[in-house]
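Undergrad: Give me a model of this one.
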Amino acid sequence: MPAPTGPAPGTADSQSVAARLLRRFLPVLKYALRAFPSVKAARLQLTIVAPLVPRPPRGTKTTATDAGGVPADRVAVPSSRPDRHVLYLHGGGYVTGWPGLCRDLTWRIAAQCRATVLAVDYRLAPEHPFPAALEDAVAAYRSLLAAGAGPNTIAVVGDSAGGGLALALMLRLREEGVPLPAAAVVVSPWTDLALTGASLRLNAAVDPLLPPELAPRLVALYLGGADPRDPRVSPLYGDPAGLPPTLILAGGDDVLRDDAVRMADRMRAAGCHVEIEVWPRMWHVWYMCASVMPEARAAIARLARFVTARLDAQPAAVPPSHH
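TA: Next up is the predicted model:
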């Protein structure tokens with residue numbers, strides 16, 4: 001199925017000035033990613049640029065916490081409700097990234113969803129190949145339930161590899177009979193580590209951020225010999241029947257656009273409530289640029305509308321009685 005076309009809600013058909021400027025700047029990062037001499041070097045580069053990530057506004061409280069044996073950041077803002085939770089899974093190809101690198105995103109999600117965000121610092125490959133990341137995501141979700149959060153008060157959000165991980169998490173929870181979250185949102189999700197999506201080739205030149213030639217190296221590092229069509233790795237090959245309402249966002253110029261579109265097709269065919277939007281001329285995980293780009297802020301607002309509508313529709317959790 002071809003990707004949907006036309007302007008996405010909340011965006012104009014033409015790019016903002018900020019988007020046009022970023023499109024000129026981001027290929028510098030793309031070039032660095034293409035070189036990718038080693039995982040260690042890539043992590044060092046991110047450590048160097050991390051101080052450039054805007055700090056959350058005053059009033060944001062970020063607390064290091066233990067989420068079922070997994071390190072995580074709990075992010076809350078003054079409008080965060082204690083009975084509303086977002087489990088956030090970052091991207092980074094399963095080999096890089098940490099919650100602090102996403103601090104300009106997680107406070108925005110907390111504020112607009114009026115929720116507390118649990119940003120999971122899951123283990124990374126190659127030191128910890130599959131299924132370490134999935135096990136950590138499951139442990140973190142279970143820790144929310146163990147702390148008294150009702151599944152109807154939880155939404156799962158992830159982007160890129162974290163988006164694929166979010167979908168794999170829900171498949172795993174369903175298999176284990178664990179109550180599923182009320183909603184999920186995935187942005188530019190990596191759902192097919194077999195790398196069969198046509199957009200990897202078709203958008204190779206127009207996505208200013210992600211070089212598709214990097215993908216096979218990341219797959220090899222993460223899988224450690226596992227089957228790339230294992231649904232726990234690539235949720236595109238799983239049966240999504242019974243998954244909660246899900247919003248999928250992708251950029252029209254995103255190299256992983258077809259991972260998103262095909263996942264939505266599978267979910268729709270399985271009877272799931274799934275909404276997909278392909279935002280014209282946007283690239284891989286463009287919503288990370290919210291401090292400077294209106295299209296990124298619009299994507300976060302769309303995410304928040306979806307999450308809050310699902311959480312608002314849920315019956316209030318009944319507190320346990322004490323005898």
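Undergrad: could you show me where the strands are in the stretch 101-250 of the chain, in order?
TA: Using DSSP state E, counting those that start in this stretch, the strands of the stretch 101-250 of the chain run over residues 116-120, 154-159, 183-187, 246-251.
Undergrad: In this structure residue 55 contacts residue 103, no?
TA: Yes - under the criterion of Cβ atoms under 8 Å, residue 55 makes contact with residue 103 at 6.8 Å. C-beta coordinates here come from the backbone N, C-alpha and C atoms, glycine included.
Undergrad: ok, the nearest residue to residue 98 once chain neighbours are set aside to residue 234 distance?
TA: With sequence-adjacent residues excluded and distances taken as Cβ to Cβ, 6 or more residues apart in numbering, residue 98 is closest to residue 121, at 5.4 Å. As judged by Cβ to Cβ, to the nearest Å, residue 121 and residue 234 stand 23 Å apart.
Undergrad: repeat for residue 213
TA: To residue 234, residue 213 is 19 Å away according to Cβ to Cβ.
Undergrad: More neighbours: which of these two?
TA: Neighbours per residue (other Cβ atoms under 10 Å) separate residue 213 from residue 234, with residue 234 holding more: 25 against 12.
Undergrad: quick one: contacts for the more buried one?
TA: 164, 191-194, 228 (Cβ atoms under 8 Å, 6 or more residues apart in numbering).
Undergrad: try residue 276
TA: By Cβ under 8 Å, 6+ apart, the residues touching residue 276 are 4, 247-250, 260-261, 264.
Undergrad: Could you list the low-confidence segments of this structure?
TA: Within the chain, the stretches with pLDDT under 70 are 1-13, 315-323.
Undergrad: returning to that earlier point: among residue 55 and residue 103, which residue is more densely surrounded?
TA: Ranked by neighbour count (other Cβ under 10 Å), residue 55 and residue 103 place residue 103 first, with 20 against 11.
Undergrad: hang on, isn't that one packed against residue 51?
TA: No - look at residue 103 against residue 51 with Cβ under 8 Å: they stay out of range, at 11.2 Å.
Undergrad: The strands of the stretch 101-250 of the chain: which one's closest to residue 14?
TA: Closest to residue 14 of the strands of the stretch 101-250 of the chain, according to Cβ to Cβ: strand 246-251, at 15.0 Å.
Undergrad: Can you select the buried ones from the contacts of residue 234 in ChimeraX?
TA: Typed into ChimeraX, the next command selects the buried ones out of the contacts of residue 234 (criterion: 16 or more other Cβ atoms under 10 Å):
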select :164,191,192,193,228
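Undergrad: Restricted to helices, list the contacts of residue 234.
TA: In this view, the contacts of residue 234 that belong to helices under DSSP state H are residue 164.
Undergrad: Let's have the contacts of residue 276 in a markdown table, adding distance to residue 178.
TA: As requested, the contacts of residue 276 are exported to a markdown table (distance: Cβ to Cβ, whole Å):
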| residue | distance to residue 178 |
| --- | --- |
| 4 | 33 |
| 247 | 21 |
| 248 | 22 |
| 249 | 26 |
| 250 | 28 |
| 260 | 25 |
| 261 | 28 |
| 264 | 24 |
